[in-house]
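Undergrad: sequence unavailable; structure follows:
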């Protein structure tokens, strides 16, 4: 299980990404549209670099919803492989059965 502080920091990053998403998208679009070497490009890049680091969605990490484990994450379930297996054995995941042959 991940520590409470790492889970809290992840949630804070998610809020920061959501807060700056619109502004960041507009600046990224301005960078794409600007002529190479123009003052407009330099201004947009500078404004983009002034945003907080945690405003970038790349800094987010997929974590298990139940215990916050960052590794072995299964996107479809939103769980780690360990939690997924435990819940599947208990029958808590509809449509999931343990295979045996």
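TA: Sure thing, it's come through. Computed from a prediction, not measured in an experiment: that's the story for all the values here.
Undergrad: output the contacting helices and strands for the helix or strand hosting residue 44.
TA: Residue 44 is part of helix 39-50, with elements assigned from DSSP states H and E. Here helix 39-50 touches helix 4-33, going by 3 or more CB pairs under 8 Å, 6 or more residues apart in numbering; DSSP states H and E. Every residue, glycine included, has its C-beta placed from N, CA and C.
Undergrad: need the residue closest to the centroid of the protein.
TA: In the chain, the C-alpha nearest the mean C-alpha coordinate belongs to residue 60, at 3.4 Å (CA atoms, centre = their mean).
Undergrad: these two touch, right, that one and residue 14?
TA: Yes. Shown here, residue 60 and residue 14 form a contact pair, counting by CB atoms under 8 Å, at 6.4 Å.
Undergrad: about what we covered before: and the residue nearest to the centre of the chain, what is it in contact with?
TA: By CB atoms under 8 Å, 6 or more residues apart in numbering, residue 60 lies in contact with 10, 13-14, 17.
Undergrad: rerun that using 7 Å as the cut-off
TA: Contact analysis of residue 60 by CB atoms under 7 Å, 6 or more residues apart in numbering lists 13-14, 17.
Undergrad: what does residue 73 give?
TA: Contacts of residue 73 (CB under 7 Å, 6+ apart): 62-64, 80.
Undergrad: same thing but at 10 Å, please
TA: Neighbouring residues of residue 73 by CB atoms under 10 Å, 6 or more residues apart in numbering: 61-65, 79-81, 83-84.
Undergrad: restricted to strands, list these.
TA: Per DSSP state E, strands hold the following members of the contacts of residue 73: 79-80.
Undergrad: what average pLDDT does stretch 46-54 get?
TA: In this model, stretch 46-54 has a mean pLDDT of 95.
Undergrad: what's the span of it from first residue to last?
TA: Taking CA to CA, to the nearest Å, stretch 46-54 runs 16 Å from one end to the other.
Undergrad: over to stretch 61-77?
TA: Stretch 61-77 stretches 15 Å from its first residue to its last (CA to CA).
Undergrad: for that stretch, buried residues please.
TA: Using 16 or more other CB atoms under 10 Å as the test for burial, stretch 61-77 gives 63-64, 68-69, 73, 77.
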